[in-house]
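Q: From the sequence below, what's the structure:
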Amino acid sequence: MKQALQAATLALCFYTLNASASILWQGDFETGDISQWSTPINPAGHSVISDCVFDGKYAGKITLTGDESFLWHGNKDLNRSEFHHRYTVGENNEGGTQEGSDAFFAFSFYLPKELSKHKHELGYWESDKSWQQMFRFNIHGSELSFQETAAKNVLWKLPKGAAPGQWHRVALHIHWSTNPKLGSTEVWVNGKHMGKNNFQTLPVKDALMFTQIGILRSQENSTEEILIDGALQTDNLTELLERNRYLIGKTCQPTATVSH
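A: Numbering: from 1, shown residues only. Below is the predicted model of the structure:
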């Protein structure tokens, strides 16, 4: 009996270590600040709250106004504030963004109120060499859509994919390639598989891609808010899809700010 208990304990420890090893990075704000993220874009709009979270004790919050200070280099088309993530590479080079590599990334978002009907870029993937955006998620009101940036039309849209008052979970498997026949994205929204799409995901073979999540819009004379939590980079799809799936659709009413 004692040996069986010891074996079970060792197995549990082994499983726990393996599960932890598969997580390359987390942006869950459980540090109580935004230190898990890379260089922020317009940090004046950033704060951390404790009363409306996807999981744990804290979530990140973006508050965006039409004030001139929220324009990127004075450009009225770039009224923005975002959290910034540069991909973490594992011991066996997992998580890199070079030609032929794969990325597994997820995050959750919550809108206290519906956004305006104008286009808002929720999250996008861009190169730090050319600043070329390759693909992105858009929000128009309560509609969530996904598109290759260079394409005129979106790949798909969900009329209530960004409905306010509940947490939404987005997960992606990205295969990086300059070849449009090999490059691909697979997306899951609130556990629903939105399909696999092939297109060029990498501008050049050695591009270092990064992700920015928050609100990017044209200048509007309005204040809009979005909460971000549970951001995650893993080295496999199974871990990505299983993590936090039981919290999809969680509701709350955010009010309090913890820190900036």
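Q: In which helix or strand does the residue most central in space within the chain reside?
A: Compute the mean C-alpha point of the chain, and by Cα atoms, centre = their mean the closest residue is residue 107, 4.1 Å away. Take DSSP states H and E as the rule and residue 107 turns out to sit in strand 102-110.
Q: In its sheet, which strands sit next to that strand, and in what direction?
A: According to DSSP bridges, the neighbouring strands of strand 102-110, each with its direction, are strand 168-175 (antiparallel), strand 224-234 (antiparallel).
Q: of all those, which lies closest to residue 80?
A: Closest of the strands paired with strand 102-110 to residue 80 is strand 224-234, at 11.2 Å (criterion: Cβ to Cβ). Bear in mind the C-beta positions are built from the backbone N, C-alpha and C, glycine included.
Q: so how far is that closest one off the chain centroid?
A: Put simply, strand 224-234 sits 6 Å off its chain's centre (Cα atoms, centre = their mean, to the nearest Å).
Q: C-alpha coordinates for the strand holding residue 107, CSV please?
A: Below are the C-alpha coordinates for strand 102-110, written out as CSV (Å, rounded to 0.1, in the frame of the first residue of the first chain):
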residue,chain,number,x,y,z
ASP,A,102,4.4,26.7,-34.8
ALA,A,103,2.9,28.9,-32.1
PHE,A,104,0.1,28.1,-29.7
PHE,A,105,-1.5,31.2,-28.1
ALA,A,106,-4.7,32.0,-26.3
PHE,A,107,-6.3,34.9,-24.4
SER,A,108,-9.6,35.9,-23.0
PHE,A,109,-11.4,39.3,-23.3
TYR,A,110,-14.4,40.9,-21.7
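Q: Each with direction, which strands does the helix or strand following that strand pair with?
A: Elements were assigned by DSSP H and E; along the chain past strand 102-110, the next helix or strand is strand 120-127. Within its sheet, and counting by DSSP bridges, strand 120-127 is paired with strand 133-140 (antiparallel), strand 209-217 (antiparallel).
Q: ok, and which of those strands has the densest surroundings?
A: The highest mean neighbour count among the strands paired with strand 120-127, using mean count of other Cβ atoms under 10 Å, belongs to strand 209-217: a mean of 23.
Q: Where do the helices of the chain begin and end?
A: The residue ranges that make up the helices of the chain, judged by DSSP state H, are 2-21, 237-242.
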